[in-house]
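S.K.: Sequence plus predicted model, see below.
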Amino acid sequence: MERHLETVDLDTGSWLRLDCGHPAPPARRPDGTADCALCDRAQLPAGLIADGAPLRQRAPWPKQCRFELTPPAWAVLRLDSGTAFVSGPGVPRPTMTAPAQVVLVAGARYRIAPSDDADLIIQHFRHPCLSRWPGEPAEAAS
Ligand SMILES: [Zn+2]
């Protein structure tokens, strides 16, 4: 997954990392981007902390409900009951049966189709050092 390099300035110097929160890989392009294999594997960056309370969406869902989700931040989607079809980067098996959970990569697009008896919980995370996430509008930065 293509990510942008950013420089982190510290009192002790500066270092490069990707805007997803992962370390910068050795292979980088002149335009300031690099491919992040850790994002491709949906590996949560180190040091994340929960951002707010989990969002819970309980059954019943409308029949044949399908939606797309592009989480602006890293998130974990948990399925407490029912089944759900989830497709997107890093999802090992698209059909989930409760109890199950999957990591949602920041800025990646997912298609979700919950069964009508599914209980879904999404917990977003933030990185204490990142001002904003990939794909997040600059005005949403806090
Ligand atoms: Zn990454």
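M.R.: Perfect, I can see it now. Residues are numbered from 1 along each chain as shown.
S.K.: so what's residue 122 bridging to?
M.R.: residue 55, residue 77 (DSSP bridges).
S.K.: is any part of stretch 66-81 close to the ion?
M.R.: No. Stretch 66-81 does not reach the ion (Cβ under 5 Å from the ion); its nearest approach is 9.4 Å. All C-beta atoms are positioned from the backbone trio N, CA, C, and that covers glycine.
S.K.: distance between the ends of that stretch?
M.R.: 17 Å (Cα to Cα, to the nearest Å).
S.K.: Check stretch 90-98 too.
M.R.: Using Cα to Cα, the two ends of stretch 90-98 sit 18 Å apart.
S.K.: Quick check: buried residues in it?
M.R.: 90-91, 96, 98 (16 or more other Cβ atoms under 10 Å).
S.K.: Distance from the chain centre to it, please.
M.R.: Relative to its chain's centre, stretch 90-98 lies at 15 Å (Cα atoms, centre = their mean, to the nearest Å).
S.K.: Need the contact partners of it.
M.R.: Defining contact as Cβ atoms under 8 Å, 6 or more residues apart in numbering, one finds that stretch 90-98 is touched by 39-43, 79-87, 102-103, 105, 108, 110, 118-119.
S.K.: do the same with stretch 23-39
M.R.: 1-5, 16-18, 20, 22, 45, 89-90, 105, 108.
S.K.: For the ion, tell me which of those residues show up nearby.
M.R.: 20, 22.
S.K.: Quick one, which of the contacts of stretch 23-39 are buried?
M.R.: 1, 3, 5, 17-18, 20, 22, 45, 89-90, 105, 108.
S.K.: Which of these fall in helices?
M.R.: Residues of the buried ones among the contacts of stretch 23-39 located in helices (DSSP state H): none.
S.K.: Between the residues you listed, which sits nearest residue 52?
M.R.: residue 45 (18.0 Å; Cβ to Cβ).
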